[in-house]
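K.L.:
only geometry, no sequence info:
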(Lines give C-alpha, C1' and ligand atoms only; values in the text may rest on other atoms or scores of the structure.)
Protein backbone atom coordinates (compact mmCIF):
# COMPACT_ATOMS: atom_id res chain seq x y z
CA UNK A 1 0.00 0.00 0.00
CA UNK A 2 2.00 3.02 1.27
CA UNK A 3 5.53 3.03 2.64
CA UNK A 4 7.88 5.77 3.75
CA UNK A 5 11.62 5.22 3.64
CA UNK A 6 14.30 7.40 5.27
CA UNK A 7 11.85 10.29 5.38
CA UNK A 8 13.42 13.52 6.60
CA UNK A 9 11.69 16.87 6.19
CA UNK A 10 12.46 20.52 6.86
CA UNK A 11 10.52 23.78 7.01
CA UNK A 12 12.41 27.05 6.52
CA UNK A 13 15.70 25.12 6.81
CA UNK A 14 14.65 23.72 10.20
CA UNK A 15 14.65 19.93 10.27
CA UNK A 16 11.38 18.55 11.65
CA UNK A 17 11.39 14.86 10.69
CA UNK A 18 14.42 12.61 11.04
CA UNK A 19 14.90 9.45 8.94
CA UNK A 20 11.49 7.81 9.43
CA UNK A 21 10.73 4.47 7.77
CA UNK A 22 7.48 2.50 8.04
CA UNK A 23 5.09 0.49 5.85
CA UNK A 24 1.29 0.75 6.03
CA UNK A 25 -0.72 -2.27 4.86
CA UNK A 26 -4.07 -2.21 3.07
CA UNK A 27 -7.13 -2.70 5.24
CA UNK A 28 -5.37 -2.00 8.55
CA UNK A 29 -5.96 0.68 11.16
CA UNK A 30 -3.02 2.62 12.62
CA UNK A 31 -2.59 5.17 15.39
CA UNK A 32 0.28 7.66 15.43
CA UNK A 33 0.79 8.95 18.97
CA UNK A 34 3.10 11.56 20.38
CA UNK A 35 3.15 14.70 22.51
CA UNK A 36 2.45 18.07 20.95
CA UNK A 37 5.33 19.13 18.70
CA UNK A 38 6.52 15.57 18.08
CA UNK A 39 6.13 15.83 14.30
CA UNK A 40 2.92 13.84 13.84
CA UNK A 41 1.10 16.44 11.76
CA UNK A 42 4.26 17.20 9.79
CA UNK A 43 4.50 13.52 8.90
CA UNK A 44 0.95 13.51 7.58
CA UNK A 45 1.64 16.72 5.64
CA UNK A 46 4.72 15.11 4.09
CA UNK A 47 2.68 12.10 2.99
CA UNK A 48 0.13 14.45 1.40
CA UNK A 49 2.84 16.52 -0.33
CA UNK A 50 2.59 19.86 1.48
CA UNK A 51 4.46 22.42 -0.68
CA UNK A 52 6.16 24.12 2.29
CA UNK A 53 8.00 20.94 3.26
CA UNK A 54 11.40 20.14 1.81
CA UNK A 55 12.21 16.42 1.81
CA UNK A 56 15.75 15.09 1.84
CA UNK A 57 17.18 13.48 -1.27
CA UNK A 58 17.11 10.06 0.41
CA UNK A 59 13.42 10.35 1.35
CA UNK A 60 10.94 8.09 -0.41
CA UNK A 61 7.15 7.92 -0.26
CA UNK A 62 6.07 4.75 -2.02
CA UNK A 63 2.55 4.07 -3.24
CA UNK A 64 2.26 0.47 -4.43
CA UNK A 65 6.07 0.51 -4.75
CA UNK A 66 6.10 3.64 -6.94
CA UNK A 67 7.86 6.72 -5.53
CA UNK A 68 5.34 9.58 -5.37
CA UNK A 69 7.64 11.96 -3.51
CA UNK A 70 7.42 14.59 -6.24
CA UNK A 71 3.69 14.31 -6.95
CA UNK A 72 1.48 17.31 -6.14
CA UNK A 73 -1.20 16.95 -3.42
CA UNK A 74 -4.04 16.82 -5.97
CA UNK A 75 -2.37 13.98 -7.85
CA UNK A 76 -1.87 12.08 -4.60
CA UNK A 77 -5.54 12.63 -3.81
CA UNK A 78 -6.42 11.23 -7.25
CA UNK A 79 -4.56 8.05 -6.28
CA UNK A 80 -6.84 7.69 -3.26
CA UNK A 81 -4.71 9.32 -0.54
CA UNK A 82 -6.70 11.68 1.66
CA UNK A 83 -6.43 13.65 4.89
CA UNK A 84 -8.77 15.34 7.34
CA UNK A 85 -7.68 18.42 9.27
CA UNK A 86 -7.46 19.30 12.93
CA UNK A 87 -9.26 22.59 12.25
CA UNK A 88 -11.32 22.24 9.03
CA UNK A 89 -11.64 25.46 7.04
CA UNK A 90 -14.98 27.17 6.50
CA UNK A 91 -16.19 27.52 2.91
CA UNK A 92 -18.54 30.48 2.51
CA UNK A 93 -21.33 29.79 0.04
CA UNK A 94 -20.45 26.11 -0.41
CA UNK A 95 -22.44 23.46 1.46
CA UNK A 96 -21.45 19.87 2.18
CA UNK A 97 -23.98 18.76 -0.43
CA UNK A 98 -22.48 21.12 -3.02
CA UNK A 99 -18.95 19.93 -2.32
CA UNK A 100 -19.82 16.25 -2.55
CA UNK A 101 -21.89 16.76 -5.70
CA UNK A 102 -18.93 18.42 -7.42
CA UNK A 103 -16.53 15.70 -6.27
CA UNK A 104 -18.77 12.73 -7.09
CA UNK A 105 -20.97 13.83 -10.00
CA UNK A 106 -19.19 11.40 -12.34
CA UNK A 107 -19.58 8.49 -9.92
CA UNK A 108 -23.19 8.86 -8.75
CA UNK A 109 -26.50 10.12 -10.06
CA UNK A 110 -27.46 13.22 -8.06
CA UNK A 111 -30.52 11.58 -6.50
CA UNK A 112 -28.51 8.50 -5.47
CA UNK A 113 -25.77 10.72 -4.04
CA UNK A 114 -28.20 12.77 -1.98
CA UNK A 115 -29.74 9.56 -0.63
CA UNK A 116 -26.28 8.37 0.43
CA UNK A 117 -25.64 11.71 2.11
CA UNK A 118 -28.91 11.43 4.03
CA UNK A 119 -28.12 7.90 5.23
CA UNK A 120 -24.62 8.91 6.38
CA UNK A 121 -25.92 12.06 8.07
CA UNK A 122 -28.49 10.03 10.00
CA UNK A 123 -25.83 7.55 11.15
CA UNK A 124 -23.68 10.44 12.41
CA UNK A 125 -26.59 12.36 13.97
CA UNK A 126 -25.93 15.36 11.72
CA UNK A 127 -28.76 17.90 11.63
CA UNK A 128 -30.40 18.32 8.22
CA UNK A 129 -29.82 22.08 8.22
CA UNK A 130 -26.03 21.64 8.42
CA UNK A 131 -25.97 19.88 5.05
CA UNK A 132 -27.30 23.00 3.31
CA UNK A 133 -25.38 25.69 5.22
CA UNK A 134 -21.96 27.05 4.24
CA UNK A 135 -19.55 24.27 5.20
CA UNK A 136 -18.05 24.66 8.69
CA UNK A 137 -19.23 28.29 8.96
CA UNK A 138 -20.06 28.70 12.64
CA UNK A 139 -20.11 24.95 13.23
CA UNK A 140 -19.01 23.41 16.52
CA UNK A 141 -15.90 21.22 16.68
CA UNK A 142 -18.03 18.09 16.79
CA UNK A 143 -20.16 19.18 13.83
CA UNK A 144 -17.05 19.88 11.74
CA UNK A 145 -15.54 16.48 12.50
CA UNK A 146 -18.81 14.66 11.77
CA UNK A 147 -19.11 16.37 8.39
CA UNK A 148 -15.51 15.48 7.57
CA UNK A 149 -16.28 11.86 8.42
CA UNK A 150 -19.33 11.99 6.14
CA UNK A 151 -17.27 13.38 3.26
CA UNK A 152 -14.53 10.79 3.71
CA UNK A 153 -17.04 7.92 3.81
CA UNK A 154 -18.61 8.97 0.50
CA UNK A 155 -15.30 9.70 -1.23
CA UNK A 156 -14.01 6.23 -0.21
CA UNK A 157 -10.25 6.95 -0.33
CA UNK A 158 -7.83 4.04 -0.13
CA UNK A 159 -5.57 5.68 2.47
CA UNK A 160 -6.83 8.22 5.00
CA UNK A 161 -4.95 10.33 7.54
CA UNK A 162 -7.13 11.67 10.36
CA UNK A 163 -5.30 14.55 12.05
CA UNK A 164 -6.42 14.99 15.68
CA UNK A 165 -9.98 13.82 14.96
CA UNK A 166 -10.67 13.93 18.72
CA UNK A 167 -9.94 17.66 19.08
CA UNK A 168 -13.03 19.59 20.19
CA UNK A 169 -15.19 16.45 20.13
CA UNK A 170 -17.09 15.02 23.11
CA UNK A 171 -16.98 11.32 23.96
CA UNK A 172 -20.35 10.43 22.40
CA UNK A 173 -19.51 12.17 19.12
CA UNK A 174 -16.08 10.53 19.06
CA UNK A 175 -17.62 7.09 19.50
CA UNK A 176 -20.12 7.78 16.72
CA UNK A 177 -17.45 9.05 14.32
CA UNK A 178 -14.95 6.24 14.82
CA UNK A 179 -17.62 3.52 14.63
CA UNK A 180 -19.11 5.09 11.50
CA UNK A 181 -15.75 5.32 9.74
CA UNK A 182 -14.78 1.74 10.46
CA UNK A 183 -18.17 0.47 9.28
CA UNK A 184 -18.56 2.73 6.24
CA UNK A 185 -15.18 2.74 4.52
CA UNK A 186 -14.17 -0.14 2.22
CA UNK A 187 -12.45 -3.00 4.03
CA UNK A 188 -9.29 -2.47 1.97
CA UNK A 189 -8.97 1.18 3.07
CA UNK A 190 -6.08 2.02 5.39
CA UNK A 191 -6.97 4.32 8.30
CA UNK A 192 -4.31 6.33 10.14
CA UNK A 193 -5.41 8.25 13.24
CA UNK A 194 -3.04 10.94 14.52
CA UNK A 195 -3.48 12.01 18.14
CA UNK A 196 -1.65 13.04 21.31
CA UNK A 197 -4.15 11.13 23.48
CA UNK A 198 -4.18 7.35 23.88
CA UNK A 199 -7.83 7.56 24.98
CA UNK A 200 -8.99 7.70 21.35
CA UNK A 201 -7.69 4.18 20.85
CA UNK A 202 -10.44 2.73 23.05
CA UNK A 203 -12.91 3.45 20.27
CA UNK A 204 -10.86 2.89 17.11
CA UNK A 205 -8.94 -0.25 18.21
CA UNK A 206 -5.90 0.07 15.93
CA UNK A 207 -4.01 -2.90 14.55
CA UNK A 208 -0.71 -1.02 14.97
CA UNK A 209 0.51 1.87 17.12
CA UNK A 210 3.39 4.20 16.22
CA UNK A 211 4.92 6.66 18.68
CA UNK A 212 6.77 9.82 17.66
CA UNK A 213 8.93 12.14 19.70
CA UNK A 214 11.04 15.11 18.56
CA UNK A 215 10.50 14.24 14.91
CA UNK A 216 11.56 10.62 15.25
CA UNK A 217 9.68 7.32 15.25
CA UNK A 218 10.70 5.92 18.64
CA UNK A 219 8.40 2.91 19.12
CA UNK A 220 5.93 0.66 17.31
CA UNK A 221 3.57 -1.93 18.73
CA UNK A 222 -0.06 -2.81 19.30
CA UNK A 223 -2.75 -1.68 21.74
CA UNK A 224 -0.60 -2.77 24.68
CA UNK A 225 1.87 -0.03 23.75
CA UNK A 226 -0.97 2.50 23.78
CA UNK A 227 -2.14 1.20 27.17
CA UNK A 228 1.37 1.62 28.53
CA UNK A 229 1.45 5.23 27.35
CA UNK A 230 -1.95 5.91 28.91
CA UNK A 231 -0.70 4.48 32.23
CA UNK A 232 2.78 6.00 32.33
CA UNK A 233 2.91 8.74 29.68
CA UNK A 234 5.30 9.25 26.79
CA UNK A 235 8.14 9.72 29.27
CA UNK A 236 8.12 5.95 29.81
CA UNK A 237 9.53 5.52 26.29
CA UNK A 238 13.11 6.32 25.43
CA UNK A 239 13.88 8.24 22.23
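P.N.:
Great, that's in hand. The model shown is predicted, which means the values in this text are computed figures rather than measured ones.

K.L.:
Show me what the helix or strand harbouring residue 149 is packed against.
P.N.:
Element membership of residue 149 [criterion: DSSP states H and E] is helix 141-155. Packing contacts for helix 141-155, counted by 3 or more C-beta pairs under 8 Å, 6 or more residues apart in numbering; DSSP states H and E, involve strand 81-84, helix 96-104, helix 110-123, helix 171-184. (Glycine included, C-beta is placed from N, CA and C.)

K.L.:
Below-threshold pLDDT in the chain: ranges please.
P.N.:
Low-confidence segments of the chain, defined by pLDDT under 70: 198, 238-239.

K.L.:
Give me the nearest residue to residue 135, chain neighbours excluded.
P.N.:
Spatially, and ignoring its direct neighbours in sequence, residue 135 is nearest to residue 91 (4.3 Å; C-beta to C-beta, 6 or more residues apart in numbering).

K.L.:
right, I mislabeled it, should have said residue 17
P.N.:
Spatial nearest neighbour of residue 17, excluding adjacent residues (C-beta to C-beta, 6+ apart): residue 9 at 4.2 Å.

K.L.:
ok, which stretches of this protein are strands?
P.N.:
Per DSSP state E, the chain carries strands over the ranges 2-11, 14-24, 29-33, 54-55, 60-63, 66-67, 81-84, 91-95, 134-135, 159-163, 190-195, 208-213, 216-221.

K.L.:
what does the last one contact?
P.N.:
Read that as strand 216-221. Where contact means C-beta atoms under 8 Å, 6 or more residues apart in numbering, the residues beyond strand 216-221 that reach it are 17-22, 39, 208-212, 225, 237-239.

K.L.:
List the strands paired with it, with their directions.
P.N.:
Strands that pair with strand 216-221, judged by DSSP bridges, come out as strand 208-213 (antiparallel).
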